[in-house]
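J.: take this sequence and fold it.
(chains A and B)
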Amino acid sequence: MFFECNEQQKEFQKRVREIYEREVSPLVEEYERKEAFPVQLYPILGAEHLLCLRCPKEYGGPGLDKISECISMEELNRICAGIGSGIMVQGGLATDPLLHYGSEELKQKYLPSAARGEKIGAFALTEPNAGSDASGIRTTATRQGNGYRLNGSKTFITNGTICDFVTLSAYTDPAKRGMGINLFIVEREDPGFSVTKKLEKLGNHSSDTGELAFDDCYIPKERMIGDREGGGLGQLEGTLKSGRLTYGARSTGVGQAAFDATLSYIKRTQKHGQPLARSQAIRFMMAEMVTSLEAMRYMTYRGAWLFDRGLASMKDASIVKLFCTESLQKIVQKAMAIQKNAGLMIDNPIQRFLRDARLFKIPEGTSEIQHLVIARELGL
Amino acid sequence: MDFELSDEQKDVQKAAREFAQGEFDPDLALELDQSAKFPESIWKKAAQLGFIGIHYPEEFGGQGLGLFENLLAIEAFCRVDSGIGSALSTVDLGSEVILKFGSNEQKKQFLTPLTKGEGRLGIAFTESEDGEDLSSIAAVAERRSEGYLLRGEKRFVLNASLADSFITLFKEPKEGWITLIVEREREGIEVYPIEKMGLRMISSGDLLFKEVLVPLGNRIGREGEGLTHVDHCYQAIGLKSEAQALGAAQGAFDRAMQYAKQREQFGRKLSQFQAIRHKLADMAVSIEVVRWLIYKVATEYDHGKVDPGFLFVTHLEVGRRLISVVDEALQIFGGYGYIVEQAIEHYFRDAWAIGVELGTEEEQKDVIAEVMLGPIR
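T.: Residues are numbered from 1 along each chain as shown, chains lettered A, B, ... in the order given. I've put the predicted structure just below:
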C-alpha cells in the first residue's frame, strides 16, 4: 500500500491551484451575484488543458487519469462549487459517453473543441417527471429518413442555457422500458432545439442551469452515440461511476474551504476576552471537521485509484458519493454554527459553502439512490 | 397540567391561520424574499386585525393576552410562509423591555403605534462579530444635563433600516448598564445595511451612533439595570424565534408531505417508499417534540417564572430539529427543492437564520451546564 501522491501529482496539484487562484478566484463574487457562469473561462482553462482531463491527446485532451481529475476538481471546488459544476460537466457527462462509445467521426468533431473550450457541452437526462427514475423519461427519438426526430423536454440541465451541444437521452423504443434509450448529440443550432428557462437555485449561483425543449428537432442519424438502437443507459454506467467519484473530490474541496475559513475565524474572533479557538467545544468541532475531511479525501482518492485500474465498482463509487456529500453537510453546518451572525452575511463565503454543499446530496443520484445502489450491490 | 389550548387560544390560532392563508401570496413571498423587501401592506393589515402586540395590555392597543397567544399567531404565520411570518413576528422586537420595565408614558408613546402598524422597533445590543458576546461592549452613554450623549457602534441590528426606534444597550460611566429608547430620526445615527442569506425581508445592519443626544426620559427603568432588561428581552425574543422555528418546520413538513403524496418515481408515489415514509415520521416526531417544549416555556413565561436552564434546553432542541426537518423536506423535493420557485428553498435559508437567532449549541450547552454545575472555576 502506498498512500501518497507521486511527484508528478504533487506538481499537478500545485499548478492547478495556482491557475484556479489566478483565473477563477477573481470572478467568483461577480458571477455568484449575477447568477451566471463566466463563459470566458472555457478557452482559458482549455488552453491550460484543464477541461477534459481524461480525454486522450489524439482528441485534444491531456490524457490524464481519474486521480488527476479529482485533484483538479478538489482545487476548483475549494474556490467555487458553482463554477466547478460547469467545468465538471464539460469533462464528465457531456463528453464521457462520446469518448467511450462515440464513432470516430463524432469524437473528432466534438472532443477537441470541447477540450479546448471552444464549445460548451451539457448533458440532458433528467425530465420534469423523471429524476431518480431515469427510465421514466419521455423524450423520444423517432427514426425518419436519414435521421431522428426528437421530442421532449429536459430540466435541471447544467450549462443548459450556454451550451453549444448537448448529450441527450431519448427513447428510440419507448416499449422497451429502460433498455430502449439512446444518447444523441444535439447542437444548439439544430432547428427545434430551444432553451425554455433559466433556473434560479439555492446555491451554485455561478453555474448555469436550464430547461430545454426539443420540438420536432431533426438531427442526422450519425449523431447517435453508438451504432445500434437501445442500451443508452448502459453507456452511462462508467460516466456515472466517474461522476460519483468526482463528487467526493468536490465535497472535499468545499469542505476544505469551509474548514480553512472557520479556522481563521476562530483564531481572530474574541469572546469573553479570549479567542474562540480557546473554547473546548469549538476545538472539538474543529477536530471533528478535519477528521471528516481526511476520511473524505482518502475515500475519494482510493476510489479514483481503483477507477484508474478498472477496479472500481458502482458500489465503490456510490459509497464515495454518499459518504463525502453527507460528511460535507456536517462540516459546513458546523462552520455556519460557529460563525453564527457573521456567517449569514452575503459577503461571508460560509453561507455560500452551506448553500453550495446542499446541492451535492441531490444530482447524479440522491443520497437515497446511493443507498439503494449500495444495498443492491450487496446482493440484497 | 393541561395539554389543551383554551378556546381563546384556538381562536387566535384559527384567525392567524386564516389571515396568513388569505394574504401570504406565494408569488409575493418569493418576490419579497428575492428583493429583500419588507411585506408592508400585509403588516398594515395584520396590525389592523390586532395581530401585532397581542400580549400588550388593551390600554396600549394590545389584546391583553399572553405571549403564548402571540407565539401561536407567529407559528401559524410561519407555517404559511417562513419569511413573511418572521417579518411580522419581529416588527415589535424589544417591546418586551418597555412592557416590563418602561413607564406608562413610554408604553403609550412607543407601544401603541406598534399595534396600529404605525411604527416598528428594533434592538441594538451586541457589538461582537458573532453577535452574542455582551461582555465586550464599548458603546458609551455620557449623562449630561440635557440628556445622554451616545457614542459607539452596534452590530447585527435587526430591523436596522425599518425601525422607527431602537432599544439600545449602553454603558454610562457612573450609572453602569442602561437601556435607552433611541428614535431613528435623532441626529448622528448612521445605518449600514447587511445583506443576509435568510430572513431577507427583515433588514439587518450595523448602527453607528456619532454623538447622538437623547433625552433623559428615554432611559428605560433604573440605572444599572441594563443587562437585566437585555436578559428579559432575549427570553421573549428567544421564544418568538422558537415559534418561528416551529412554524417553519411545520410549513416545510406540510409541503414535503404534499409533494411525497403527489410525486411519482419508479411507478410509485414517493409516499409509498419506506425510506421516505420514515423521513416523514422522523420529521413529525421532531415537530411534536419541539411544539410541547415551546408551549411549556411559553406558559412559564406568561406566569413570570421562566427556568433559564429549561429555556436553553428548548433553544437547543428547537434549533437542531428545525434544521434537520427543513433539510429533509428539501431532500424529499429532490432537484425541485433546490430551485427558488419552490418555497422550500427559502424555508431552508430562513431556517438557518432563525437558528442563528436561537444561539449556538455551544452557548446553549454552556447555559444548561452552568445551571446544573455552576460556573467553571
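
J.: would you check that residue A:240 makes contact with residue A:370?
T.: No: using Cβ atoms under 8 Å, residue A:240 makes no contact with residue A:370, being 10.9 Å away. (Each C-beta comes from the backbone N, C-alpha and C, glycine too.)

J.: higher neighbour count, the two?
T.: residue A:370 (25 against 22; other Cβ atoms under 10 Å in any protein chain shown).

J.: in which helix or strand does that one reside?
T.: helix A:367-377 (DSSP states H and E).

J.: counting contacts, what elements does that helix pack onto?
T.: Packing partners of helix A:367-377 (3 or more Cβ pairs under 8 Å, 6 or more residues apart in numbering or on different chains; DSSP states H and E): helix A:314-344, helix B:274-302.

J.: how about the first one: buried residues?
T.: So that's helix A:314-344. Using 16 or more other Cβ atoms under 10 Å in any protein chain shown as the test for burial, helix A:314-344 gives A:314-329, A:331-344.

J.: avg pLDDT for the helix or strand following that helix?
T.: Downstream of helix A:314-344, the first helix or strand assigned by DSSP H and E is helix A:349-359. Averaged over helix A:349-359, pLDDT sits at 98.

J.: how about helix A:349-359 and chain B, touching?
T.: Yes: shown here: helix A:349-359 in contact with chain B (Cβ under 8 Å from any Cβ of the partner chain) through A:351, A:354-355, A:358-359.

J.: so, low pLDDT: which residues of chain B?
T.: Applying pLDDT under 70 to chain B flags the ranges B:129-132.

J.: an error on my part: the question was meant for chain A.
T.: Low-confidence segments of chain A (pLDDT under 70): A:1-2.

J.: can you show me the helices along it?
T.: A:7-23, A:25-34, A:41-47, A:66-79, A:81-91, A:96-101, A:104-116, A:232-235, A:237-268, A:280-308, A:314-344, A:349-359, A:367-377 (DSSP state H).

J.: and those helices as TSV, adding distance to residue A:175?
T.: Below are those laid out as TSV (distance: least, Cβ to Cβ, whole Å):
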stretch	distance to residue A:175
helix A:7-23	47
helix A:25-34	45
helix A:41-47	40
helix A:66-79	37
helix A:81-91	31
helix A:96-101	23
helix A:104-116	27
helix A:232-235	15
helix A:237-268	22
helix A:280-308	35
helix A:314-344	27
helix A:349-359	35
helix A:367-377	25
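
J.: can you list the residues of the stretch 1-150 of chain A near chain B?
T.: A:126, A:129-133, A:136.

J.: scratch that, the stretch 201-350 of chain A is what I was asking about
T.: Contact residues (Cβ under 8 Å from any Cβ) of the stretch 201-350 of chain A with chain B: A:201-203, A:269-273, A:276, A:279, A:281-282, A:329, A:333, A:336-347.

J.: contact partners for the residue of the stretch 151-300 of chain A at minimum distance from chain B?
T.: Closest to chain B within the stretch 151-300 of chain A is residue A:200: 3.9 Å, counting by Cβ to the nearest Cβ. Contacts for residue A:200 (Cβ atoms under 8 Å, 6 or more residues apart in numbering or on different chains) come out as A:35, B:339-341.

J.: redo that, cut-off 10 Å
T.: With contacts defined as Cβ atoms under 10 Å, 6 or more residues apart in numbering or on different chains, residue A:200 is in contact with A:35, A:209, B:30, B:34, B:338-341, B:345.

J.: which of these count as buried?
T.: Judged by 16+ other Cβ under 10 Å, buried ones among the contacts of residue A:200: A:35, A:209, B:30, B:338-339, B:345.

J.: distance to residue A:151 for the residues you listed - can I get that in a markdown table?
T.: Formatted as a markdown table, these follow (distance: Cβ to Cβ, whole Å):
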| residue | distance to residue A:151 |
| --- | --- |
| A:35 | 30 |
| A:209 | 22 |
| B:30 | 31 |
| B:338 | 27 |
| B:339 | 24 |
| B:345 | 30 |
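
J.: need the max-distance pair from the residues you listed.
T.: Spatial extent of the buried ones among the contacts of residue A:200 (Cβ to Cβ) is set by the pair A:209 and B:30 at 17.2 Å.

J.: tell me the SS of the residue positioned nearest the centre of chain B?
T.: Nearest to the mean C-alpha position of chain B, by Cα atoms, centre = their mean, lies residue B:241 at 3.9 Å. The local conformation at residue B:241, judged by DSSP: H, G, I helix; E, B strand; the rest coil, is helix.

J.: now do the nearest residue in space to it that is not next to it in sequence against residue B:165, distance only.
T.: Nearest non-adjacent residue to residue B:241, counting by Cβ to Cβ, 6 or more residues apart in numbering or on different chains: residue B:357, 4.2 Å away. Distance, residue B:357 to residue B:165, using Cβ to Cβ, to the nearest Å: 20 Å.

J.: doesn't residue B:137 belong to a strand?
T.: No: counting by three-state DSSP, residue B:137 is not found in a strand; it is coil.

J.: burial check on it, number of neighbours?
T.: 19.

J.: and the residue nearest to it when sequence neighbours are not counted, what does it touch?
T.: Spatial nearest neighbour of residue B:137, chain neighbours left out: residue B:127 (5.4 Å); criterion: Cβ to Cβ, 6+ apart. With contact taken as Cβ under 10 Å, 6+ apart, residue B:127 is in contact with B:133-134, B:136-139, B:152-156, B:169, B:206.
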